[in-house]
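Colleague: Let me see the structure of the following:
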Amino acid sequence: MKTQRLQPLALKDVLDYPIAPYNVARYISPELGLVRSIEGMSDISSYIFVKGLPYRLTEGRVLYVRSGHALARINLTENRVEAHQLRIVSPGAVIEFQEISPDFDITMLAFANSFMENWQREKLLSAYLQGTADVLLRLDETAEQRLEEVFTLMWNILQDNPSSYESIQGMISVLFHQIEYFQNRGLSGEKKTSTRQEEVFDRFIRLLNKHAVNERNVSFYAENLFLTPRYLSTLIKETSGKTVMEWVNEAIVQEAKLMLCHTDKLVYQIADELNFPNASFFCKFFHRMTGKTPHGYRCDNRQKKP
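Modeller: Predicted structure coming up:
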């Protein structure tokens, strides 16, 4: 039985919280969200920025970090964002915050793929909508000022009544053009892939996030990467310090956490969807990987949610 793809943190889900969708620092609709400062999310930040609680993002995020820093696992890999950086995370990504500094502040844009459905899709925007964009930029003073201008104009347009969504579509296009321009200027803060091993590892992680629930055999990933299972195993171990199966197990635990936190499915149902032979086997696996039973993990994290 194949697992249902979860979408536990969508704009529509945020609107289900007991909040006002508009205030002096945020605008949230089912298709578009713009937060000027984390202060505009103070009434819901304790629900969204929760350490150790994973979310799958229905819409992607464009984050401009104004101050502070945060550590997060994004699609199983460790990421740090800090002041004077811009980060793009594509739709479908799984994010789990691990550390958030007290002075962490961001401007954040989120939009549904359907919002840009009839718009000309440039290279970076297309990659974002297809779930393959992963951008980190270290911004200089000029780039930060330009971003401020774009986000401010976008915010002002959203104050129009009625809001001009066509204008916002144009502004999103401008924003992605600017980000590409910054990349071409060499502002990228991403780790440059300098070896074939790193390239294969990145492709392996993408495959893993997509197929781990249903494909746990090393040969599947080796075949898709045009390598022998033995060579892939050696390469992944040398590159990451973990074996292929350790990565597979982490991906499965990630899916289990999502189901436990964001659905009401019973443990035996989750075990079935994750292709375990029975609930007992799943419980032992989950406890070995996390130190908690599925029920214990669910209880702990349900207390963090509204």
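Colleague: Can you report how many residues lie near residue 145?
Modeller: 11 (other CB atoms under 10 Å). (C-beta placed from N, C-alpha, C; glycine too.)
Colleague: That one falls within a helix, correct?
Modeller: Yes - the assignment for residue 145 by DSSP: H, G, I helix; E, B strand; the rest coil puts it in a helix.
Colleague: Can you tell me what sits against the strand or helix carrying residue 207?
Modeller: Element membership for residue 207, per DSSP states H and E: helix 196-211. Outside helix 196-211, the residues within contact range by CB atoms under 8 Å, 6 or more residues apart in numbering are 75-77, 94, 132, 193, 220-221, 224-225, 227, 232, 235-236, 238-240, 244, 247-248, 251.
Colleague: Repeat that for stretch 169-176.
Modeller: So stretch 169-176 is contacted by 62, 109, 111, 115-116, 119-120, 122, 124-125, 128, 147, 150, 153-154, 157 (CB under 8 Å, 6+ apart).
Colleague: Any idea which helix or strand in this protein has the lowest mean pLDDT?
Modeller: helix 45-48 (a mean of 67; mean pLDDT, DSSP states H and E).
Colleague: Following element in sequence after it, please.
Modeller: Next along from helix 45-48, by DSSP H and E: strand 55-56.
Colleague: For the following helix or strand past that next one, give the mean pLDDT please.
Modeller: Scanning forward in sequence from strand 55-56 by DSSP H and E, the next helix or strand is strand 61-67. Averaging pLDDT along strand 61-67 yields 95.
Colleague: how about the helices in the stretch 201-306 of the chain?
Modeller: 218-224, 229-240, 244-262, 267-273, 279-290, 294-302 (DSSP state H, counting those that start in this stretch).
Colleague: rank those helices by pLDDT, which is bottom?
Modeller: Taking the mean pLDDT of the helices of the stretch 201-306 of the chain, helix 294-302 comes last: a mean of 86.
Colleague: Quick one: work out the angle between that helix and helix 279-290.
Modeller: 60 degrees (axes from the mean of the first three to the mean of the last three CA atoms, to 10 degrees).
Colleague: How about residues contacting helix 294-302?
Modeller: 50, 52-53, 256-257, 260-261, 267, 270, 282-283, 286, 290, 292.
Colleague: mind running it again at 10 Å?
Modeller: 50, 52-54, 253, 256-257, 259-264, 266-267, 270-271, 279, 282-283, 285-287, 290-293 (CB atoms under 10 Å, 6 or more residues apart in numbering).
Colleague: Ok, stretch 115-122 next?
Modeller: Taking CB under 10 Å, 6+ apart as the rule, stretch 115-122 contacts 11, 29-32, 59, 125-130, 165-166, 168-170, 172-173, 176-177, 180.
Colleague: from these, which would you call buried?
Modeller: Among these, those buried by neighbour count (16 or more other CB atoms under 10 Å) are 11, 29-32, 59, 125, 127-129, 168-169, 172-173, 176.
Colleague: quick revisit: which of the helices of the stretch 201-306 of the chain sits most buried?
Modeller: Mean neighbour counts were taken over these using mean count of other CB atoms under 10 Å, and the top value, a mean of 20, falls to helix 244-262.
Colleague: in the stretch 1-150 of the chain, which spans are helices?
Modeller: Under DSSP H, counting those that start in this stretch, the stretch 1-150 of the chain gives helices at 11-15, 45-48, 123-129, 141-158.
Colleague: Nearest to residue 25, out of those?
Modeller: helix 141-158 (9.1 Å; CB to CB).
Colleague: Give me the residue ranges of the stretch 101-250 of the chain where confidence is low.
Modeller: Low-confidence segments of the stretch 101-250 of the chain (pLDDT under 70): 121, 161-163, 188-194.
Colleague: please redo it, this time with the cut-off set to 50
Modeller: 193 (pLDDT under 50).
Colleague: Can you spell out the domain ranges of this structure, please?
Modeller: 11-184, 196-302 (automatic domain parsing).
Colleague: Tell me which residues touch residue 134, please.
Modeller: 74-75, 77, 79, 87-90, 93, 127-128, 190, 202, 206.
Colleague: Same question for residue 154.
Modeller: With CB under 10 Å, 6+ apart, residue 154 has these contacts: 27, 32, 34, 36, 107, 109, 167-168, 170-172, 174-175.
Colleague: Nearest to residue 139, out of these: which one, please.
Modeller: residue 107 (11.9 Å).
Colleague: Tell me how many other residues crowd the nearest residue to the closest one once chain neighbours are set aside.
Modeller: If the residues on either side of it in the chain are set aside, residue 107 comes closest to residue 64, at 4.4 Å by CB to CB, 6 or more residues apart in numbering. Counted with other CB under 10 Å, the neighbours of residue 64 add up to 25.
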